[in-house]
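Q: Below: sequence and its predicted model.
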Amino acid sequence: MKAILKTLLFILTMVLLCQCKKDPEPVLEVTIPDNNFLNVLIELGVDTNGDGIISPAEAELILSLDVRGDSISDMTGIEEFVNLDTLNCNHNQLTTLDVSNNTALTYLKCYGNQLTTLDVSNNTSLTYLNCGDNQLTTLDVSNNTALISLSCTHNQLTTLDVSNNTALKNLSVGDSRHGAFGNLLTVLDVSNNTALLYLYCYSNQLTRIGRCKPSTNKNRKRKISSETNDSRTSIWNNKKKLGIRLCPCKRAKEGRW
């Protein structure tokens, strides 16, 4: 009888000990299917504990990320970098880029990829965006009212609405410095962009540049560069700080743009 009691007591003890043991906590890991992306993150020191993976906690520590020219074709995992302020991922092999969860972004460079779409509607803090040299057919920046600089040259845009981007100082929809890299724009309305200092619209199909408003800053230097068909015009206003303000829409109507 004593032997049976001892056996039962032993079994009960073991059961209680087993119940007291906690299951090991699962290792949290950011899903990063592109090895090139993962490797460059590790090289940059994002993997702080050296376990060969990126955890959500490690990703949340990163404010700036430069992964340009690293042969990355998939940036899945970037959505976990929720505190990211600056992202430079130009000259990779990206066909998609999801930054909808990176709402803290103020600076985004993604030019020189193969992007066909780019959604920045959630990135309302963006002040700088360069998405040139891709395959974009549309670009909606209506929510990006903080934008100061926008470059979208060498895409396939047929329209671009910047009426909400009243803080814009630099706008480039076409660049001829290294060849004819423009878009397919026929009309560009910058009538609301009274802060605009530089406008580059080479190599498009522009027949009209929207109505301009007089400048209220006599010391403001403005540069407007345009090329349509075989004609090229480069106007420097206020070269001698005389407060001269030329209106490009007048020249457009006269067929000189």
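A: Noted; the coordinates are in hand.

Q: Let me know the average pLDDT across the strand or helix carrying Leu87.
A: Secondary structure assigned from DSSP states H and E places Leu87 in strand 86-88. The average pLDDT within strand 86-88 is 98.

Q: Ser121 against Thr138, yeah?
A: No - at 11.9 Å, Ser121 and Thr138 do not qualify as touching, with contact defined as C-beta atoms under 8 Å. C-beta here means a position set from N, CA and C on the backbone, and glycine is covered the same way.

Q: give me the low-pLDDT residue ranges for the stretch 151-257 of the chain?
A: In the predicted model of the stretch 151-257 of the chain, residues 176-180, 210-257 satisfy pLDDT under 70.

Q: for it, what spans make up the strands?
A: 170-174, 187-188, 198-204, 208-209, 222-228, 231-237 (DSSP state E, counting those that start in this stretch).

Q: Go through the first one and flag the buried ones.
A: Think strand 170-174. Buried residues in strand 170-174, counted by 16 or more other C-beta atoms under 10 Å: Asn170, Leu171, Ser172, Val173, Gly174.

Q: Give me the angle between that strand and strand 198-204.
A: Inter-element angle recorded for strand 170-174 and strand 198-204: 10 degrees (by axes from the mean of the first three to the mean of the last three C-alpha atoms, to 10 degrees).

Q: partners of strand 170-174, with directions?
A: strand 149-151 (parallel), strand 198-204 (parallel) (DSSP bridges).

Q: Single out the most deeply packed of those strands.
A: Of all those, strand 198-204 has the most neighbours on average by mean count of other C-beta atoms under 10 Å, namely a mean of 23.

Q: buried stuff in stretch 46-58?
A: Buried residues in stretch 46-58, counting neighbours by 16+ other C-beta under 10 Å, are found at Val46, Asp47, Ile53, Ile54, Ser55, Glu58.

Q: Quick check: end-to-end length of that stretch?
A: The first and final residues of stretch 46-58 sit 6 Å from each other (C-alpha to C-alpha, to the nearest Å).

Q: Each with direction, which strands does the strand holding Leu87 pair with?
A: Partners of strand 86-88 in its sheet, by DSSP bridges: strand 64-66 (parallel), strand 107-109 (parallel).

Q: what comes into contact with that strand?
A: Applying C-beta atoms under 8 Å, 6 or more residues apart in numbering, the external contacts of strand 86-88 come out as 63-68, 78, 99, 102, 105-110.

Q: Going by neighbour count, which of these are buried?
A: Counted by 16+ other C-beta under 10 Å, the contacts of strand 86-88 give Leu65, Val67, Arg68, Ile78, Val99, Asn102, Leu105, Thr106, Tyr107, Leu108, Lys109, Cys110 as buried.

Q: And the pLDDT at the third one?
A: Read that as Arg68. 97.

Q: From what I see, it and Cys110 are in contact.
A: No - judged on C-beta under 8 Å, Arg68 makes no contact with Cys110 at a distance of 9.5 Å.

Q: Overlap of the contact sets of those two?
A: Common neighbours of Arg68 and Cys110 (C-beta under 8 Å, 6+ apart) are Cys89, Asn90.

Q: ok, and the closest non-adjacent residue to Asn164?
A: Ser142 (4.9 Å; C-beta to C-beta, 6 or more residues apart in numbering).

Q: so what's that neighbour up against?
A: Ser121, Asp161, Ser163, Asn164.

Q: Quick check: it vs Thr166, distance?
A: Note on Ser142: its distance to Thr166, by C-beta to C-beta, to the nearest Å, is 12 Å.

Q: One more: Asn204?
A: Taking C-beta to C-beta, one finds Asn204 at 22 Å from Thr166.

Q: Then Tyr200?
A: To Thr166, Tyr200 is 19 Å away according to C-beta to C-beta.
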